[in-house]
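> Got a sequence here, can you build the structure:
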Amino acid sequence: QLQLVESGGGLVQAGDSLRVSCTATGRTLSRFVLGWFRQAPGKERERVAAISQSGDMTTYTRSVKGRFTISRDNAKNTVYLQMTSLKPEDTAVYYCAADSLWGRMIADKSDYWGQGTQVTVSS
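The predicted structure follows:
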C-alpha cells in the first residue's frame, strides 16, 4: 500500500520561499502521476500543481504559475513543491496526491493522499 508523508511546511513571511516535500513508502512513485493540492479554512480543496510519471508534463493553477515549481525525484521516491514569492493567500494545508492516471489527478480523484502539511504566510 502506498503511503505519502508531507514535510517542510511552516510559518514564513510574504515574499519568502519554502519547499515542501512528499515522500512515499510501500510502493515506488515512478509509476504514478503526482500532485499537490491545498485547502484553506472555509474553502474547497484546490489543485495546485501536477507532474507526469516521467516529469515531462506539468500543470499549475493560474494563481501560482511563475511562482511555484513541482518536481520529482523518482530515485528518492519524493515529489517537491518549491514555492517562491509567497503571499498570504497561499496559506493552506498542502497535500500531496498520487494516482496512476493523469485524468484522475486532474479531476481531483486521486487514489492516494498524504495527511498534509500546514503552510502559513504572514503579511
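> Just the helices from this protein, written as ranges.
Using DSSP state H, the helices of the chain run over 102-106.
> just the strands in it please.
3-7, 10-13, 18-25, 33-39, 46-51, 58-60, 68-73, 78-83, 92-99, 112-113, 117-122 (DSSP state E).
> possible to save those strands as JSON lines with distance to residue 106 and mean pLDDT?
For every residue, glycine as well, the C-beta is placed using N, CA and C. JSON lines is the format used below for those (distance: least, Cβ to Cβ, whole Å; pLDDT from 0 to 100):
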{"stretch": "strand 3-7", "distance to residue 106": "18", "mean pLDDT": "97"}
{"stretch": "strand 10-13", "distance to residue 106": "28", "mean pLDDT": "98"}
{"stretch": "strand 18-25", "distance to residue 106": "18", "mean pLDDT": "97"}
{"stretch": "strand 33-39", "distance to residue 106": "8", "mean pLDDT": "98"}
{"stretch": "strand 46-51", "distance to residue 106": "7", "mean pLDDT": "98"}
{"stretch": "strand 58-60", "distance to residue 106": "7", "mean pLDDT": "97"}
{"stretch": "strand 68-73", "distance to residue 106": "13", "mean pLDDT": "98"}
{"stretch": "strand 78-83", "distance to residue 106": "16", "mean pLDDT": "98"}
{"stretch": "strand 92-99", "distance to residue 106": "9", "mean pLDDT": "97"}
{"stretch": "strand 112-113", "distance to residue 106": "15", "mean pLDDT": "96"}
{"stretch": "strand 117-122", "distance to residue 106": "22", "mean pLDDT": "98"}
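> okay, the ones you listed in TSV with mean neighbour count next?
Formatted as TSV, the strands of the chain follow (neighbours: other Cβ atoms under 10 Å):
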stretch	mean neighbour count
strand 3-7	18
strand 10-13	13
strand 18-25	19
strand 33-39	24
strand 46-51	21
strand 58-60	16
strand 68-73	18
strand 78-83	23
strand 92-99	23
strand 112-113	18
strand 117-122	17
